[in-house]
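Chemist: Fold the following, please.
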Amino acid sequence: MSHRRFAIGLAVIIGVTLLPAVVTAQSPESSSPPRLPWGAPDLQGIWDFRTITPLQRPEDQEEEFLSVEEVAGLEQAAVDRALELWEANSRRTEAGGNVGGYNNFWMDQGTKPIDTRRTSLIVDPPNGRFPELSTEGQQRADARRAYLEEHPADSYLDRNTSDRCIVGFNAGPPITPLAYNQNMQFFQTPEYVVVYTEMVHTPRIVPLDGRPMIDEDIRLWTGDSRGYWEGDTLVIETGNFNAERRWIPLGSGGGGAGASENMTLVERFTRLDDDTLEYTFTVSDPETWSRPWTSSQPMRRTDSPLYEYACHEGNYSMEGILGGTRADEAKAAQGSN
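Modeler: Model prediction:
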């Protein structure tokens, strides 16, 4: 996140391919979304998806919806927590102890639950929680956990794709709120849409012309996406994920299993009004979970620009992780002699 600057390069490149933008905003009397000159709903803009509503409903929370009073209490608690962290004394990194971390300046988790007052972003299963792992998913999770206990950092290949700055931990697909850089920008032409996430500044270019998926032997870090319209809802279907991606909805549990390469994803984007984009996705992966599951949340239009997420350029943590593991190995070797 160092050397933050406006991420305008992609916007300029894509912008020259766009037809003139629609200038007519949605009127309050109409339920129809604003439209582009070729008739498609206008989803363009920068959308903020931060929220303190968890992806998975807490185990001690039985109700599906919060009361107005509970929402106010959670918002105040989030503000109080942020202020406490802002004012806390810094802690120096300690060899063999506290490793330090980002201070609260870098965090942007928001202070509000989603407008629906649901207690989770997961809407199916109805309990708001991840399904049980499938038998294969549990076996794979157990094997991965056992391997990492013995080989946490033999090389960079043992670290997850977020540590390696390959994909963002909230950028998806699917997009799930977490920590910071929680913005997404939409670009549209008649033949394509571009979903451009702030985290790791990844542009996902989605054809709308009905072309078939690429060969299943070709596997991509963010999968291969195809889009189409269902009325005023943009539907994006994605498959062909890279086996090494092992996507996990971080910060939300999920049994510790990473999704398999055969996960399929269906995302839906619906413009509800001038300032609200509803985002819903369904994950299907029998090799990981016992049934499909669905999450839904509103994203809010923002006038803030996207900022560069300079992960590769400043990824000193990988050097620290590997160097620290080598130091631990050397210390263990000395103790055994």
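Chemist: Tell me how many other residues crowd Thr116.
Modeler: By other Cβ atoms under 10 Å, 16 other residues sit near Thr116. For glycine as for every other residue, the C-beta is placed from the backbone atoms N, C-alpha and C.
Chemist: Can you name the residues bridging to Trp47?
Modeler: Met184, Arg301 (DSSP bridges).
Chemist: Let me see the contact set for it.
Modeler: Contacts for Trp47 (Cβ atoms under 8 Å, 6 or more residues apart in numbering) come out as Asn183, Met184, Gln185, Phe186, Leu277, Tyr279, Met299, Arg300, Arg301, Thr302.
Chemist: can you tell me which residues contact the second one?
Modeler: Residues near Met184 by Cβ under 8 Å, 6+ apart: Ile46, Trp47, Phe49, Ala171, Ile175, Val195, Tyr196, Thr197, Glu198, Met299.
Chemist: quick revisit: max pairwise distance over the contacts of Trp47: which two?
Modeler: Tyr279 and Thr302 (14.3 Å; Cβ to Cβ).
Chemist: Buried subset of the contacts of Trp47 as a ChimeraX selection?
Modeler: In ChimeraX, a selection of the buried entries from these looks like this (16 or more other Cβ atoms under 10 Å):
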select :183,184,185,186,277,279,299,300,302
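Chemist: for this structure, which spans come out with low pLDDT?
Modeler: Scanning the chain with the threshold set as pLDDT under 70 gives 1-30, 93-102, 251-257, 313-314, 337.
Chemist: Look up which helix or strand the residue nearest to the spatial centre of it falls in, please.
Modeler: Centroid check for the chain by Cα atoms, centre = their mean gives Asn170 as the closest residue, at 2.4 Å. Under DSSP states H and E, no helix or strand contains Asn170.
Chemist: Surely it and Ser162 touch.
Modeler: No: Asn170 is beyond contact range of Ser162, at 9.1 Å (criterion: Cβ atoms under 8 Å).
Chemist: Could I get the full set of strands for this protein?
Modeler: Secondary structure of the chain, counting by DSSP state E: strands at 45-48, 122-124, 183-188, 192-197, 202-207, 224-230, 233-239, 264-273, 276-284, 293-301.
Chemist: In a markdown table, list these along with distance to Gln139.
Modeler: Output for those, formatted as a markdown table (distance: least, Cβ to Cβ, whole Å):
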| stretch | distance to Gln139 |
| --- | --- |
| strand 45-48 | 38 |
| strand 122-124 | 24 |
| strand 183-188 | 34 |
| strand 192-197 | 32 |
| strand 202-207 | 31 |
| strand 224-230 | 27 |
| strand 233-239 | 23 |
| strand 264-273 | 21 |
| strand 276-284 | 19 |
| strand 293-301 | 20 |
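Chemist: Between the ones you listed, which one is closest to Asp115.
Modeler: If you check each of these against Asp115 by Cβ to Cβ, strand 293-301 wins as the nearest, at 5.8 Å.
Chemist: Taking strand 276-284 as reference, get the angle to the closest one.
Modeler: 160 degrees (axes from the mean of the first three to the mean of the last three Cα atoms, to 10 degrees).
Chemist: Contacts for strand 293-301 next, please.
Modeler: Outside of strand 293-301, the residues that reach it under the criterion Cβ under 8 Å, 6+ apart are 45-49, 51, 53, 55, 114-116, 121-125, 130-131, 174, 176-177, 184, 272, 274-283.
Chemist: Just the buried ones from these?
Modeler: 45-49, 51, 53, 55, 114, 116, 121-123, 125, 130-131, 174, 176-177, 184, 277-283.
Chemist: Overlap in contacts, Asn170 and Ser162.
Modeler: Counting by Cβ under 8 Å, 6+ apart, the common neighbours of Asn170 and Ser162 are Leu250.
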